[in-house]
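# one predicted model, sequence on top.
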Amino acid sequence: MGYILENRKEFERLEKQSQHPSYDFKKELAGLVVPARGKVLDAGCGSGIVSRYLAEAFPRSSVVGCDLSEDRIKQARKALMEVASSERPENLTFVCDNLSETRFSDGEFDAIVCRYVFQHLSKDQCHRVLKEFLRCLKPKGTLSIVDFDGTVLNIFPQTETIKEVLDTFEADTTHDMRIGRKLPSLIASEGFTELKWHIEPVQMSEKVMKDEMEMMILRFENTKKYLSQLLNDAKKADRFYREYLELLGKPGTVYFHNKFICHAQRPNHLSLVK
């Protein structure tokens, strides 16, 4: 699986992002239930900040943080060891694995949490990851997926360069910045039941635009290589970044996206076909 934000600085961006009100993981995961002596997977754990929270929230359960990036897993382990020993959760482990084909056992987890991962997957990868989640969950185990719809794309007005680059970016099928609206049907198509979902609009008004611009600068720094290669034009990529940030700073610019929060369950009886 590819990741257009892949960069050694991505750990710091993810830690900073998770402290932004628009990415309030405690609110997103409110209502999550993990039984005592149960096991929960943070799939695509990134910096491990949510894994650390889950380990503290469910101290009698086991938490596994999993990510494809060896660098981020190393950084997540390092961040865990930097927590004061008296406060460091002992029920948390980090592993490096591919969510499309993990080494976890059938029915290993009581709950799986997956935040802001599916936007970085192709359509085929989305189905493969969901099949893997279904396999790894216990009967009646719960799945929580959170992702955005319209990130980066929903900006108005647009310069000619911004429009051209966003059209090219959206045509790249290795990711999907409009995945949010597709999640409910994708989850249902793979056999999950008890599906519930809701949308939280995220409006970047003047009050929070400064913070969002700081986040966007970090995203752009980590996608320079990807976008330059996609456009085959590093100068155009730089011009896009410059004009986009200038636009965000202008009065009257509209920038928003919608957060989809989905919860589902593995059915009690299921025939798994490998």
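Looks like it came in fine. Source: prediction; values computed, not measured. Numbering: from 1, shown residues only.
# okay, CA-based contacts and neighbour counts for the rest of this
OK.
# what is the helix of greatest length in the chain packed up against?
The longest helix of the chain (DSSP state H) is helix 206-231. Helix 206-231 is packed against helix 10-17, helix 160-171, helix 234-248, with contacts defined by 3 or more C-alpha pairs under 8 Å, 6 or more residues apart in numbering; DSSP states H and E.
# lowest average confidence across the ones you listed, which one?
Note on the helices and strands packed on helix 206-231: helix 10-17 shows the lowest mean pLDDT, a mean of 65.
# which stretches of the stretch 1-150 of the chain have low pLDDT?
Along the stretch 1-150 of the chain, the model assigns pLDDT under 70 to residues 1-19, 21.
# can you give me the strands in it?
Assigned by DSSP state E, counting those that start in this stretch, the strands in the stretch 1-150 of the chain fall at 39-43, 62-67, 92-96, 109-115, 137-149.
# save these as JSON lines, and put in distance to Glu221 and mean neighbour count too.
Shown next, in JSON lines, are the strands of the stretch 1-150 of the chain (distance: least, C-alpha to C-alpha, whole Å; neighbours: other C-alpha atoms under 10 Å):
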{"stretch": "strand 39-43", "distance to Glu221": "25", "mean neighbour count": "24"}
{"stretch": "strand 62-67", "distance to Glu221": "21", "mean neighbour count": "25"}
{"stretch": "strand 92-96", "distance to Glu221": "25", "mean neighbour count": "20"}
{"stretch": "strand 109-115", "distance to Glu221": "22", "mean neighbour count": "24"}
{"stretch": "strand 137-149", "distance to Glu221": "20", "mean neighbour count": "23"}
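# looking at those strands, which is nearest to Arg52?
When the strands of the stretch 1-150 of the chain are compared by C-alpha to C-alpha, strand 92-96 sits nearest Arg52, at 7.2 Å.
# packing partners for that closest one?
Counting contacts by 3+ C-alpha pairs under 8 Å, 6+ apart, strand 92-96 packs against helix 49-57, strand 62-67, helix 70-81.
# so it versus strand 39-43, what angle?
40 degrees (axes from the mean of the first three to the mean of the last three C-alpha atoms, to 10 degrees).
# now render the helices and strands packed on helix 206-231 as CSV, adding mean neighbour count and distance to Leu99.
Below are the helices and strands packed on helix 206-231 laid out as CSV (neighbours: other C-alpha atoms under 10 Å; distance: least, C-alpha to C-alpha, whole Å):
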stretch, mean neighbour count, distance to Leu99
helix 10-17, 18, 19
helix 160-171, 15, 23
helix 234-248, 17, 30
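# follow-up on the earlier one: in a markdown table: the strands of the stretch 1-150 of the chain, plus distance to Ser86.
Below are these laid out as a markdown table (distance: least, C-alpha to C-alpha, whole Å):
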| stretch | distance to Ser86 |
| --- | --- |
| strand 39-43 | 22 |
| strand 62-67 | 18 |
| strand 92-96 | 14 |
| strand 109-115 | 26 |
| strand 137-149 | 30 |
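# re earlier: buried ones in the longest helix of the chain?
Under the neighbour-count criterion of 16 or more other C-alpha atoms under 10 Å, helix 206-231 has 206, 212-213, 215-220, 222-227 buried.
# what is the burial count for the residue lying closest to Ile187 once chain neighbours are set aside?
Excluding the flanking residues, the one nearest Ile187 by C-alpha to C-alpha, 6 or more residues apart in numbering is Leu130, at 7.0 Å. Neighbour count for Leu130, taken as other C-alpha atoms under 10 Å: 22.
# distance of Leu121 relative to Thr173?
Distance, Leu121 to Thr173, by C-alpha to C-alpha, to the nearest Å: 8 Å.
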